[in-house]
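S.K.: Quick one: sequence and predicted model below, then my questions.
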Amino acid sequence: MSEDKTFYRKLLIVGIPVVFQNLISIGLNLIDTLMIGMLGKQELAAVGAANQVYFIYTVTLFGLFSGAAVYTAQYWGSQNLKGIKHLIGIDYVVAIVLAASVTAVSYALAPEIIRLFSKDPEVIHYGTQYIRIASLSYPISGISMVISYNSRAIQRLNVATAVSAAALGINAVLNYILIFGKCGMPMLGVRGAAVATCIARICELIALLVYVYATKNHPFRGTPSELFSFGRNLFQNVMRTAIPVVFTEGGWALSFAMIFAAYGKLGVSALAVSQVVNVVCDMLQSFYFGVGNATAMLIGEALGQGHKNKAYRYGKLSFRAVMLLNVVMTAVMFLLAKPIAGIYNFDAETTHLLILAIWAQALILTPKMLAYLPIVGILRAGGDTLFCMVLDISCNFLIAVPMAFLCVMVFHLSLPIAIILVDLSDLVRIFFCIPRFRSRKWINIVA
């Protein structure tokens, strides 16, 4: 029983800052969505489409860092600080290379990218404006993610969370000034939102770097030789674990964008509603991200110390936490649907569609999160990344994406019904994940 209490205590210590980090990160998108939604449906749909690129980029990085964090968490458990610095160096290199590639493609092919989601000329025009400015911040946010994400693995989240909160505040103020032309500044609309986001991300990175290098003996603090002198064998071992996670997360992000594009076939209203629903769901699901990430770090720490039975027990306890959250969050989504819809300046038909779409997401929350936890929080922490990759990619591209296009283009179903049917893929995930967890085949010690 004392072990259970220890787990829940640590879950709160690690999980609550992770929740706040996610809420703050999502808050940046929410602020954009709220303020741009005041400009009109075309502008909101455009930013929603443009942000799909950033979404795919950040989720791919999340996959990379999650895979590498299997090592970071276990190194932290065994207090291998030299190894942690090498892992940070690996993350820096891969993040910069990926960011440079995505930025170049996004800037050069902006109209073509937006056209994948909507054929509306105004949506393409506004989306191109936004993505060409916002993409310049991708390398900056990539480096920030290295520091903030790995802070979870070493269970030092307070400062990183505070920095993210400050960045959110900066973004909110600059959004208001630049989108609507306040304080003597010109009214820039969607361009103002992109500029504000860039400035906020620059401030966030500067603050994080100052914190790391001003803190004596910080595990991430190192000279270039300490960070980048990692050996070829370590890089290959980390990539062997991380690449399946990258494909898992990148594939999920790509499938999510394809589903978003399918919903866009229903019209601009459905595209705008989908953007709002995604942000609302992300906000509420941040609590699950906290449980999942904290569970992964605690299981990794236990495995780094050689405690396999403790790691398995932690996995079982995390399922209890998620079931409790399911009850609370489902009720919250049903209750908040109408107040949230009232915030936006939509017509009556679009407002009704938004309410129904949020209710649909509430209905599928439980299977979605019971599928999320074992993949992100448990199996991956034990190094079972290849199994997770095969299962996730199969469910996304063989079930979820085809179902979205069938619902929209063949059966001509409404957005809320399509949302529910697409979630059948999560039931398949649960069917395979639970036996895998019970088999203990996912438990591997890599440190």
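M.R.: Thanks, I have the structure now.

S.K.: The stretch 251-400 of the chain: helices as residue ranges?
M.R.: 268-304, 308-341, 348-363, 365-372, 385-395 (DSSP state H, counting those that start in this stretch).

S.K.: next one: the lowest-mean-pLDDT helix or strand in the chain to chain centre, how far?
M.R.: Sorting the helices and strands of the chain by mean pLDDT, DSSP states H and E puts helix 2-37 at the bottom, at a mean of 79. From the chain centre to the centre of helix 2-37 is a distance of 11 Å (Cα atoms, centre = their mean, to the nearest Å).

S.K.: got the phi/psi numbers for the residue of the chain most remote from its centre?
M.R.: Within the chain, residue 184 marks the point farthest from the mean C-alpha position, 35.4 Å out by Cα atoms, centre = their mean. Dihedral pair for residue 184: phi 80, psi 0, per degrees, to the nearest 10.

S.K.: Model confidence score at it, please.
M.R.: At residue 184, the pLDDT value in this model is 91.

S.K.: follow-up on the earlier one: make TSV out of the helices of the stretch 251-400 of the chain and add mean neighbour count, distance to residue 416 and mean pLDDT.
M.R.: (C-beta placed from N, C-alpha, C; glycine too.) Output for the helices of the stretch 251-400 of the chain, formatted as TSV (neighbours: other Cβ atoms under 10 Å; distance: least, Cβ to Cβ, whole Å; pLDDT from 0 to 100):
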stretch	mean neighbour count	distance to residue 416	mean pLDDT
helix 268-304	24	9	88
helix 308-341	17	11	94
helix 348-363	19	4	94
helix 365-372	20	14	95
helix 385-395	20	21	93
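
S.K.: May I see the buried residues of the helix or strand containing residue 139?
M.R.: If you go by DSSP states H and E, residue 139 is part of helix 138-153. For helix 138-153, burial by neighbour count (16 or more other Cβ atoms under 10 Å) applies to 138-153.

S.K.: Please list the residues outside stretch 182-192 that contact it.
M.R.: With contact meaning Cβ atoms under 8 Å, 6 or more residues apart in numbering, stretch 182-192 is reached by 36, 39, 43, 46-47, 126, 129-130, 133, 174-181, 195.

S.K.: tell me the contacts of residue 94?
M.R.: Here residue 94 is in contact with residue 64 (Cβ under 8 Å, 6+ apart).

S.K.: about what we covered before: what is the rounded mean pLDDT of the helix holding residue 139?
M.R.: 90.

S.K.: and that helix, how far out from the chain's middle?
M.R.: Centre-to-centre, helix 138-153 and its host chain are 12 Å apart (Cα atoms, centre = their mean).

S.K.: Not counting its neighbours along the chain, what's nearest the residue most central in space within the chain?
M.R.: Most central in the chain under Cα atoms, centre = their mean is residue 59, positioned 5.4 Å from the mean C-alpha point. Nearest non-adjacent residue to residue 59, counting by Cβ to Cβ, 6 or more residues apart in numbering: residue 253, 3.8 Å away.

S.K.: Tell me how far that neighbour lies from residue 278.
M.R.: Residue 253 sits 12 Å away from residue 278, going by Cβ to Cβ, to the nearest Å.

S.K.: now do residue 339
M.R.: Counting by Cβ to Cβ - residue 339 and residue 278 are separated by 18 Å.

S.K.: tell me which strands and helices the helix or strand residue 233 falls within is in contact with?
M.R.: Remark: residue 233 resides in helix 232-264, with elements defined by DSSP H and E. Helix 232-264 is packed against helix 41-77, helix 81-108, helix 268-304, helix 385-395, helix 401-405, helix 415-422, with contacts defined by 3 or more Cβ pairs under 8 Å, 6 or more residues apart in numbering; DSSP states H and E.

S.K.: Would you reformat those helices as TSV and include distance to residue 203?
M.R.: Formatted as TSV, these follow (distance: least, Cβ to Cβ, whole Å):
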stretch	distance to residue 203
helix 41-77	18
helix 81-108	18
helix 268-304	22
helix 385-395	34
helix 401-405	37
helix 415-422	36
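
S.K.: wait, which of those is closest to residue 23?
M.R.: Residue 23 lies closest, by Cβ to Cβ, to one member of the helices and strands packed on helix 232-264: helix 268-304, at 4.9 Å.

S.K.: pLDDT (mean, whole number) over stretch 62-79?
M.R.: Mean predicted lDDT for stretch 62-79 stands at 82.

S.K.: list the buried ones in the one helix or strand residue 178 maps to?
M.R.: Here residue 178 sits within helix 158-180, counting by DSSP H and E. Residues of helix 158-180 classed as buried: 159-161, 163-165, 167-168, 170-172, 174-180 (neighbour count, 16+ other Cβ under 10 Å).

S.K.: Can you check what angle separates that helix from helix 138-153?
M.R.: 150 degrees (axes from the mean of the first three to the mean of the last three Cα atoms, to 10 degrees).

S.K.: Run a quick neighbour tally on residue 9.
M.R.: Neighbour count of residue 9, defined by other Cβ atoms under 10 Å: 10.

S.K.: how near is it to residue 155?
M.R.: Taken as Cβ to Cβ, the span from residue 9 to residue 155 is 12 Å.
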